[in-house]
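*Asks:* Mind looking at a prediction? Sequence and model below.
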Amino acid sequence: MSAGRVLFVGCGPGAADLLTVRAVAALRAADVVIWSPSLLSRADLDAHVRPGTEVVAWPPATGRDILDVFDRARADEELVVRLKGGDPTLFGDLEPELSAVRERGLGCEIVPGISAVGAAAAALGGELGRRSAPLLLVHAADLGEPPAQPSLAVYGVGRDPRVLQQALYDRGLDPGTPCSVAFELSRRDQTIVDCPLEELAETIEDLGLGLLTLVLAGAAPHRAEHVAGGRDTPAV
């Protein structure tokens with residue numbers, strides 16, 4: 001496996017002071033940054049990268065050019081930062097490039113960012129996702145399609161996991177629905193445990209988890225390998 005790495009870094013909705021500390025650390029360590037002026041101004045980018053860091057502007061760079069950068073990262077053991085707007089896991093078109101990185105034997109990491117939804121809520125001055133009115137995120141391209149069973153991110157699940165499990169059944173999820181139980185997210189003791197819905201309550205009870213536990217039910221992101229253990233900064 002190559003020592004080269006690719007970090008997919010969320011740079012927030014555009015304001016430079018909404019870059020996370022982890023995003024800034026990644027930029028400072030990068031050998032190559034794939035950047036677009038629609039994501040972050042060049043002046044703000046230059047304020048964080050080291051002198052001599054290669055900046056690949058996209059556009060005019062194409063998808064083929066980005067794959068060429070990944071090939072060079074493998075050959076030259078470089079650290080590449082691929083900037084994404086907002087949070088890269090929310091409609092970030094990650095999967096094709098994640099697959100390309102893994103096929104090349106490169107290490108990879110996703111650095112979360114502040115989403116456009118979060119920025120919109122802040123601009124409006126209130127909560128968008130409330131217990132009485134949950135928020136469903138939909139891409140405009142999918143509005144004309146028949147609604148699919150959404151994946152669910154369930155907060156505060158530790159109070160009564162058997163009630164939670166039954167509530168998910170009542171929503172039409174079948175016993176084999178893949179679930180991920182996540183706790184201590186982004187911290188050094190971060191742990192994610194996978195199980196089918198039929199084993200969800202037992203899994204939560206066995207782990208002895210509290211109210212801050214998060215459950216993802218449905219189409220959880222593909223993970224090439226299980227990674228447990230969060231970081232305060234990216235491994236660069």
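*Replies:* Okay, I see it. Numbers count the residues shown, from 1 in each chain.
*Asks:* And the residue positioned nearest the centre of the chain, how close does it get to V24?
*Replies:* With distances taken as C-alpha atoms, centre = their mean, the residue of the chain nearest its centroid is T89 (3.6 Å). Taking C-beta to C-beta, to the nearest Å as the measure, T89 falls 19 Å from V24. (Each C-beta comes from the backbone N, C-alpha and C, glycine too.)
*Asks:* Phi and psi next, for the residue nearest to the centre of the chain.
*Replies:* Here is the backbone geometry of T89 (degrees, to the nearest 10): phi -90, psi -10.
*Asks:* wouldn't it be in contact with P112 here?
*Replies:* Yes: the criterion here is C-beta atoms under 8 Å, and T89 meets it with P112 at 6.9 Å.
*Asks:* Local confidence estimate at the residue nearest to the centre of the chain?
*Replies:* Looking at T89, its pLDDT reads 92.
*Asks:* mind checking how far it is from T53?
*Replies:* 25 Å.
*Asks:* so where's the chain shaky on pLDDT?
*Replies:* For the chain, the stretches flagged by pLDDT under 70 are 1, 147, 158, 210-211, 219-236.
*Asks:* So which residues of it form helices?
*Replies:* 21-29, 42-46, 63-76, 95-103, 116-124, 161-170, 200-207 (DSSP state H).
*Asks:* buried ones in the fifth one?
*Replies:* This means helix 116-124. A116, V117, G118, A119 (16 or more other C-beta atoms under 10 Å).
*Asks:* Output the contacting helices and strands for it.
*Replies:* Packing contacts for helix 116-124, counted by 3 or more C-beta pairs under 8 Å, 6 or more residues apart in numbering; DSSP states H and E, involve no helix or strand.
*Asks:* From the chain's centroid, how far away is it?
*Replies:* Averaging C-alpha positions (C-alpha atoms, centre = their mean, to the nearest Å) puts helix 116-124 18 Å from its chain's average.
*Asks:* Strands along this structure, start to end?
*Replies:* Listed in chain order, the strands of the chain (DSSP state E) span 5-10, 32-35, 54-57, 79-84, 107-111, 152-155, 178-183, 191-196, 214-217.
*Asks:* now those in a markdown table, with mean neighbour count and distance to V101?
*Replies:* Shown next, in a markdown table, are the strands of the chain (neighbours: other C-beta atoms under 10 Å; distance: least, C-beta to C-beta, whole Å):
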| stretch | mean neighbour count | distance to V101 |
| --- | --- | --- |
| strand 5-10 | 26 | 5 |
| strand 32-35 | 23 | 12 |
| strand 54-57 | 15 | 15 |
| strand 79-84 | 26 | 9 |
| strand 107-111 | 20 | 5 |
| strand 152-155 | 16 | 25 |
| strand 178-183 | 20 | 21 |
| strand 191-196 | 16 | 20 |
| strand 214-217 | 21 | 22 |
